[in-house]
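S.K.: return atomic coordinates for the entry below.
(chains A, B and C)
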Amino acid sequence: MAGLDVRGLSVSLYTRGGVLPALSEVSLSVQPGRTLALVGESGCGKSMTALAIMRLLPEPPARIIAGQVMLGDTDLAALPERRMLGVRGKAVSMIFQDPMSSLNPVVPVGQQIMEVLRRHENLSGRAARTRAAELLTLVGIPDAEARLAEYPHRLSGGMCQRVMIAIAIACRPAVLVADEPTTALDVTVQAQILELLKRLQAETGMALLLITHDLGVVAEMADEVAVMYAGRVVEQGPVDAIFAAPLHPYTRGLLGATPSGGTAGRHTRLADIPGSVPSLAELPAGCAFAPRCPLAHAACTAQPPLTTLAPQHLAACFAALGVPAHAA
Amino acid sequence: MLLEARGLGVHFATPRGLLRAVNGVSLEIEAGETLGLVGESGCGKSTLGRAIMRLVPIAEGELLLENQYITRLEGTALKQVRPKVQMVFQDPVSSLNPRRRVGSLVGQPLSVAGWSRRDIADRVAELLAQVSLPKDAMDRYPHEFSGGQRQRIGIARALALSPKLVICDEPVSALDVSVRAQVVNLLKDIQDRLGVGYLFISHDLSVVENVADRLMVMYLGRVVEQGRAADVLARPAHPYTHALLSAAPVANPALARSRQRVVLQGELPSPVNPPSGCTFRTRCPYAEARCAAEAPALRPVGDQHVACHFDFSEGFADATTGVSA
Amino acid sequence: MAVATPGLFRRFARNRAALLGLIILIAVIALALAAPTLYPRNPLRIVGPAELWPLQDPRFPLGTDSIGRNIAAIIAHGARATLLIGLFASLTATLIGVTIGSVAAWFGGWVDELLMRFTEMFQVVPGLVFVLTIVSILGGTVQNITIAVGVVSWTGIARLTRAEFLTLRDREFVQACRAMGMPDWRIVLAEVLPNALPPVIVLSSLAVASAILFESAVSFLGLGDPQVASWGRLVGEGRTLIRSSWYISAVPGVAIMLMVLALNLIGDGLNDALNPKLRNR
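M.R.: So this is what the prediction gives:
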């Protein structure tokens, strides 16, 4: 089974206001059976990365201008759309934040699962039906046979997300991209879905690219973590290292702003990051985090390179690199 | 006592029957205190907030504001009480009229209350300073601001008439993590400075834990547990609270791997047709025959009040389910 | 205007077709305003030989009709009638539609039920038949035609207003207004209505076009105001000579077509400019 290897992916948005750098030189890799969490706030480019991998970017305005998305020996970024149709939903699948709007409301869920099986696996009629029921059972929907005929609005949000997962894993994909899969769900249902994803990964050995803004979900699920800010990966490393010894001030800020269960009380103050995420149209020169950064100095007007600072642990920050202010 | 609710009930007529969105809820909030209200979607927490705001009709029970009955106030009498209770809404986009400038938005409650134009301008400037927005924000439109700044505008509007109680309905759920902390801190600063009481509604325990003095957990329209926040969070005594705490992801990978989670099975039952007896029994790992027959009343267990037939104040360690707290 | 936000015209002008429509409309308005100066005498006066083809006599650039009236004068004066009827009929329709739609949505329940059934009553009768009935009962004066057209055109606007109000009614900013004790009428007029108007304005601009077509149809059938020069009437009067002097019908026909086209293009342009989802594209 092949993992996913994204190399130097850059995406630009061609708008009336000019060309905006939505993603700049994003490199990520997820091995089979492993989970990479892509973390960041809204507008940091994490969903854009997922869409670029799936080749589902809204074109125009978005366009991949550089980089490769390697799935085994195939570069998905260079595949013609016709061949991409055979990859999407088969070798690489995706689930989205809002399960209700991801399912077609006027088609029974069984049909929607069978559609994928017909398209990619050439299953038809009874075989597709049996497999669809198996898949529903696999994702923990009781009484699967009867549920095939249900319409999405008859199911709860959690059930719909299970159906989405069933569709996504129908063809045993090598890579599953999950874009905020539990953000729209209640916390007890979130726990169910995360548990389910873990179980399915253990059974199938697929690589999971999990996109989330919730550091709690990251801690529960991830093996590796990549933190994004303003279209760039600013820190990347094993989950324990990221939480125990974050290198980038942005990562530290995020962790400080996240209540970590049991330790904080009514009278402790959360650490906050001043200011807000800059829009792509108004990115500062050099390090995009510098205007909000407590450690920013003169060198930060240049773009810090993503550098390995500890085993498998990379960060893009001059302060973390130990570059003194006068070096610029 | 700033606010007191006694046996509050809110009912909605739906095509499938009577929905008891809020069912016999009693609560008390003191000045300068924060009561956290936690539960999942459909538990009635937002409806309870709106009932206290008198935005939805109250079917039963009584509501007292500063020891004055406000349950059935209407017209001018209600309008006189309104300034004392204000609300901060969840969605920083839809809670601000996109066609009004910030100055007009923040000044709106004042203009409704009949303030003069000059007094409004002065007060708006003061309010914007209070929530750390630049003065020139007044002449701009909400869409020119980020989510966190928009939420500040909403907070400034809620504070305009110097309320005694502010209902915060998921005020940070729609915000980014880094901005969330800013807004939570701002709300706490305001409370310290002005002594307002908060009813802080959230589905996110980690946020509530950081603001609440006392905590109330709701399930299907009823209160299942309440007590001092620190007690409830450290030693939950209702199986639902325990499950909620256990389900909440912890931003600590080592802890996440080592702890055993209770993953609740099943789905939230229909609130129109709730289970008999204890409404939580269909998902409760400890349910017995008695739970179906008889609805548990809220009673003191340990340091808090719990609506459960059993006493879990000593913890949930239970060999048969393999669950440990 | 309450709905004006910075850059509205720029967003409108991005749509080239809409700009063309606006230019045609401005030209027609200019023609209507200039009509008394260009042709100070009654346009329905006989001024020359009958059935003179366009461009044959410089005094009659668009020719003369079957009894020797100046077609150019009729077109210029007809533009006034056409525009006034279109505008006021659309205003009438908008006023009725917005009132009924907003009241129905705001109060809901049986009020909504009643008003929507009432709306459907108007929808099931074909518009032209309705207009002709009213005009033939009350007489074909300009005012009656305007009111009749307005009365048949409001249903779409009412439904759209209702739909907009229903989505806006549950927005949190409306709740915020309630929470501060704002009276209902003020919430509706000052808060909800300005947000509901943009799509309604688009529909109203299209209602102007359909009102013009209604007026033309009424005049074509000879039920129009005999004292007023009108494009539709000229089309109707020229139809007997359609084999020999087809230009008598064609010239006002083209004028109607251009006008309706222009209004539709403007409606599309307004839709793009006022629809926030298309902004920044």
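S.K.: OK, contacts around the residue sitting nearest the centre point of chain C?
M.R.: Geometric centre of chain C, nearest residue: residue C:208, 1.0 Å, by Cα atoms, centre = their mean. Taking Cβ atoms under 8 Å, 6 or more residues apart in numbering or on different chains, we find residue C:208 in contact with C:86-87, C:89-90, C:263. For glycine as for every other residue, the C-beta is placed from the backbone atoms N, C-alpha and C.
S.K.: you'd agree it is in a helix?
M.R.: Yes. Applying DSSP: H, G, I helix; E, B strand; the rest coil, one finds residue C:208 inside a helix.
S.K.: counting neighbours, what do you get for residue 96?
M.R.: With no chain named, the answer covers chain A. By other Cβ atoms under 10 Å in any protein chain shown, 21 other residues sit near residue A:96.
S.K.: that's the wrong chain, I wanted chain C
M.R.: Counted by other Cβ under 10 Å, the residues lying close to residue C:96 total 19.
S.K.: what helix or strand is it on?
M.R.: helix C:71-107 (DSSP states H and E).
S.K.: and that helix, how far out from the chain middle?
M.R.: The chain centre lies 5 Å from the centre of helix C:71-107; the measure is Cα atoms, centre = their mean, to the nearest Å.
S.K.: can you give me phi and psi for residue A:318?
M.R.: For residue A:318, the backbone dihedrals (degrees, to the nearest 10) come out as phi -70, psi -40.
S.K.: pLDDT wise, what is the residue nearest to the centre of chain C at?
M.R.: pLDDT for residue C:208: 88.
S.K.: now residue B:47
M.R.: We have a pLDDT of 92 for residue B:47.
S.K.: that one contacts residue B:19, doesn't it?
M.R.: No. If you go by Cβ atoms under 8 Å, residue B:47 and residue B:19 don't touch, sitting 9.5 Å apart.
S.K.: still on that earlier bit, output the contacts of residue C:208 as TSV; include the columns neighbour count and pLDDT.
M.R.: Shown next, in TSV, are the contacts of residue C:208 (neighbours: other Cβ atoms under 10 Å in any protein chain shown; pLDDT from 0 to 100):
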residue	neighbour count	pLDDT
C:86	25	89
C:87	16	91
C:89	28	92
C:90	28	93
C:263	25	89
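S.K.: can you give me the helices in the stretch 201-328 of chain A?
M.R.: All helices of the stretch 201-328 of chain A, identified by DSSP state H, counting those that start in this stretch, fall at A:215-221, A:239-244, A:249-257, A:318-321.
S.K.: next up, the contacts around residue 12.
M.R.: In the absence of a named chain, chain A is used. Contact analysis of residue A:12 by Cβ under 8 Å, 6+ apart lists A:19-22, A:62-63, A:65.
S.K.: please go with chain C instead
M.R.: C:18-19, C:22, C:269-270, C:272-273.
S.K.: biggest separation within those residues, which pair?
M.R.: C:22 and C:272 (12.9 Å; Cβ to Cβ).
S.K.: can you tell me the SS state at residue C:140?
M.R.: coil.
S.K.: could you measure from residue C:67 over to chain A?
M.R.: 56 Å (Cβ to the nearest Cβ, to the nearest Å).
S.K.: thought that residue was touching residue C:46?
M.R.: Yes. Contact status for residue C:67 versus residue C:46: in contact at 5.8 Å, counting by Cβ under 8 Å.
S.K.: least confident of the helices of the stretch 201-328 of chain A, on average?
M.R.: helix A:318-321 (a mean of 83).
S.K.: show the contacting residues for the residue in the stretch 151-300 of chain A positioned nearest to chain C.
M.R.: Minimum separation of the stretch 151-300 of chain A from chain C (Cβ to the nearest Cβ) falls at residue A:281, amounting to 10.0 Å. Counting by Cβ under 8 Å, 6+ apart, residue A:281 makes contact with A:17-18, A:20.
S.K.: tell me if the helix or strand containing residue C:120 is near chain B.
M.R.: Element membership of residue C:120 [criterion: DSSP H and E] is helix C:109-124. No. With Cβ under 8 Å from any Cβ of the partner chain as the criterion, chain B is not reached by helix C:109-124; the gap is at least 11.0 Å.
S.K.: got the buried residues for that helix?
M.R.: Burial within helix C:109-124, assessed by neighbour count using 16 or more other Cβ atoms under 10 Å in any protein chain shown, is assigned to C:112, C:115-116, C:119, C:122.
S.K.: next: stretch A:288-305.
M.R.: Of the residues in stretch A:288-305, A:288-290, A:292-293, A:296-297, A:299-300, A:304 count as buried by neighbour count, 16+ other Cβ under 10 Å.
S.K.: just those residues: which are in strands?
M.R.: Using DSSP state E, the subset of the buried residues of stretch A:288-305 located in strands is empty.
S.K.: determine which two of the residues you listed are furthest apart.
M.R.: Between all members of the buried residues of stretch A:288-305, the farthest pair (by Cβ to Cβ) comes out as A:292 and A:299, at 16.4 Å.
S.K.: ok so, going back, ok, the contacts of residue A:12 vs chain C, which is closest?
M.R.: Distances from chain C to the contacts of residue A:12, taken by Cβ to the nearest Cβ, are shortest for residue A:20, at 11.1 Å.
S.K.: part of a strand, is that closest one?
M.R.: Yes. With three-state DSSP as the criterion, residue A:20 is part of a strand.
S.K.: that one is in contact with residue A:230, isn't it?
M.R.: No. Applying Cβ under 8 Å as the test, residue A:20 and residue A:230 come out as separate, 10.7 Å apart.
S.K.: so what sits against both of the two?
M.R.: Joint contacts of residue A:20 and residue A:230 (Cβ under 8 Å, 6+ apart) are residue A:280.
S.K.: ok, these two, which is more surrounded?
M.R.: residue A:230 (24 against 18).
S.K.: how about stretch A:157-177, does it reach chain B?
M.R.: Yes. Using Cβ under 8 Å from any Cβ, stretch A:157-177 comes into contact with chain B via A:158-159.
S.K.: which parts of that stretch are buried?
M.R.: By neighbour count with 16+ other Cβ under 10 Å, stretch A:157-177 contains the buried residues A:157-171, A:173-177.
S.K.: give me the mean pLDDT for that stretch.
M.R.: When pLDDT is averaged over stretch A:157-177, the result is 87.
S.K.: could you list the low-pLDDT ranges of the stretch 1-150 of chain A?
M.R.: A:1 (pLDDT under 70).
S.K.: residue C:245 against residue C:68, yeah?
M.R.: No. Here residue C:245 does not reach residue C:68: they are 11.8 Å apart, not a contact under Cβ under 8 Å.
S.K.: between these two, who's got more neighbours?
M.R.: Per other Cβ under 10 Å, whichever of residue C:245 and residue C:68 has more neighbours is residue C:245, with 19 against 15.
S.K.: in which helix or strand does the more buried one reside?
M.R.: Counting by DSSP H and E, no helix or strand carries residue C:245.
S.K.: so who does residue A:163 touch?
M.R.: Applying Cβ under 8 Å, 6+ apart to residue A:163 gives the contacts A:99, A:103, A:109, A:112-113, A:136, A:139, A:141, A:152, A:155.
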